[in-house]
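Pasting the sequence and the predicted model now:
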Amino acid sequence: MHTLGQLIDQIKPLDQDAMKQAKHQTDGLLKPLGSLGRLEDIVTQLAGIYRTPELKTGRKQIIVMAADHGVFDEGIAVTPKNVTAIQAFNMTRGLTGVCALAHAAGVEVNIVDVGIDCDPLPGVLNMKVARGCGNIAKEPAMTREQAEQLLLASANLAMAQVANGVAILGVGELGIGNTTPAAAMVSVLTGTKPEQVVGLGANFPSDRLHHKIAVVEQAIACNRPDPNDGLDVLAKVGGFDLVGMTGVMLGGAAAGVPIVLDGFLSYACALVACRIAPQVWHYLLPSHLSAEKGSCVALAHMDLKPFLQLDMRLGEGSGAAIAMQIIDAAHSMYNRMGKLADDNLALPVPS
């Protein structure tokens, strides 16, 4: 297993020559200059990531990190905690939202147990650290050593998937109550007050939102995470699923593939990943604007603009699955459109 420093060192700057070549080819397609907007930007970014202007489609996979949270005991969620385990098992049967959307996009779903409060589940990759993390309102979510070990294990998982032929990675999560630690992370890393980033999550009653805000405030005051130390933030106010997603981002970037973000939880993890290794930012593709409060704060802090606005807040990687089809569209534009330099503009001569 790599050290964290070795992992960071493997993340290369994007290949500027490949990007210039890809942009030149895109500008020369049969269309007005820039008329396909962000599809053209995607192509340029992909060329820089893959380090070649010769772009091909490949296997796409969403890695879903699942774990439970000790802060559930503070009454910050109305959904029963055992739904994490139930939905993880349903995911192995292809029955959850991300599975349905991934099927439409031809995307694999890889569900990983990094801390569900249950015995190992059949069909779920077992990387369990513990049966749920600590209650961040009273103690750190985990030790720094646990956070670093899981971060590296998750990065290695991502790199192994790339080595086995996966060309695009998406991230997803599953964990009842996990919008609370995510809001704490976003608050710390952006220097924003909890009341500006704490949202309703999975249908939390709006008249109790003040309680959820108070829990996030307590978690930050109790643990005092260092905003300049991403690993410290994860260990103190994060969770195993959030560490896992962050590790996938670092590992995917180190392996040289794009990372498709999902919603609010993934934004929180992207903030940490970029704090640990700023060059990760160039590998990120934001999928959709989550309806969860705090999304705009996190995205603005990273200067990321999602492709879609569908008022979704399911999580699981559902937005990433839809965005994969936009990436396929960019590939098709780049590889199938005619070129202005070709003899394509002349009308056929009447016989």
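Received it, and whenever you're ready, just let me know what you need.

Surely Pro286 touches Leu308?
No: no contact is recorded between Pro286 and Leu308 when judged using Cβ atoms under 8 Å, the distance being 9.1 Å. (Glycine included, C-beta is placed from N, CA and C.)

neighbour count winner among those two?
Pro286 (24 against 14; other Cβ atoms under 10 Å).

Look up how far Ala298 lies from that one.
Spatial separation of Pro286 from Ala298 under the definition Cβ to Cβ, to the nearest Å is 10 Å.

which residues in the stretch 101-250 of the chain form strands?
Listed in chain order, the strands found in the stretch 101-250 of the chain under DSSP state E, counting those that start in this stretch are 108-115, 125-126, 166-174.

which of those strands is buried the deepest?
Neighbour counts averaged per stretch over these are highest for strand 166-174, at a mean of 28; criterion: mean count of other Cβ atoms under 10 Å.

Which other helices and strands does that strand contact?
Contacts defined by 3 or more Cβ pairs under 8 Å, 6 or more residues apart in numbering; DSSP states H and E place strand 166-174 against strand 59-67, helix 83-92, strand 108-115, helix 144-163, helix 240-255, strand 259-260, helix 264-276, helix 318-336.

Could you dump the ones you listed into JSON lines with distance to Arg51 and mean pLDDT added?
Supplementary listing: those in JSON lines, determined by distance: least, Cβ to Cβ, whole Å; pLDDT from 0 to 100:
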{"stretch": "strand 59-67", "distance to Arg51": "18", "mean pLDDT": "98"}
{"stretch": "helix 83-92", "distance to Arg51": "33", "mean pLDDT": "98"}
{"stretch": "strand 108-115", "distance to Arg51": "24", "mean pLDDT": "98"}
{"stretch": "helix 144-163", "distance to Arg51": "14", "mean pLDDT": "98"}
{"stretch": "helix 240-255", "distance to Arg51": "12", "mean pLDDT": "98"}
{"stretch": "strand 259-260", "distance to Arg51": "16", "mean pLDDT": "98"}
{"stretch": "helix 264-276", "distance to Arg51": "20", "mean pLDDT": "98"}
{"stretch": "helix 318-336", "distance to Arg51": "16", "mean pLDDT": "97"}
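
Would you format the ones you listed as JSON lines with distance to Glu74 included?
Compiled in JSON lines, those are given as follows (distance: least, Cβ to Cβ, whole Å):
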{"stretch": "strand 59-67", "distance to Glu74": "17"}
{"stretch": "helix 83-92", "distance to Glu74": "16"}
{"stretch": "strand 108-115", "distance to Glu74": "17"}
{"stretch": "helix 144-163", "distance to Glu74": "21"}
{"stretch": "helix 240-255", "distance to Glu74": "17"}
{"stretch": "strand 259-260", "distance to Glu74": "31"}
{"stretch": "helix 264-276", "distance to Glu74": "18"}
{"stretch": "helix 318-336", "distance to Glu74": "27"}
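
For Leu46, find the nearest of those.
When the helices and strands packed on strand 166-174 are compared by Cβ to Cβ, helix 318-336 sits nearest Leu46, at 7.3 Å.

As CSV, could you dump the C-alpha coordinates of that closest one?
As requested, the backbone C-alpha atoms of helix 318-336 are provided in CSV (Å, rounded to 0.1, in the frame of the first residue of the first chain):
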residue,chain,number,x,y,z
SER,A,318,-27.4,8.6,-8.8
GLY,A,319,-26.4,12.0,-10.3
ALA,A,320,-23.1,10.6,-11.3
ALA,A,321,-24.8,7.8,-13.2
ILE,A,322,-26.8,10.3,-15.3
ALA,A,323,-23.8,12.4,-15.9
MET,A,324,-21.9,9.5,-17.4
GLN,A,325,-24.3,9.8,-20.4
ILE,A,326,-23.3,13.4,-20.9
ILE,A,327,-19.6,12.2,-21.0
ASP,A,328,-20.6,9.6,-23.6
ALA,A,329,-22.3,12.4,-25.6
ALA,A,330,-19.1,14.4,-25.5
HIS,A,331,-17.1,11.4,-26.8
SER,A,332,-19.6,10.9,-29.6
MET,A,333,-19.5,14.5,-30.6
TYR,A,334,-15.7,14.4,-30.7
ASN,A,335,-15.3,11.1,-32.6
ARG,A,336,-18.3,11.1,-35.0
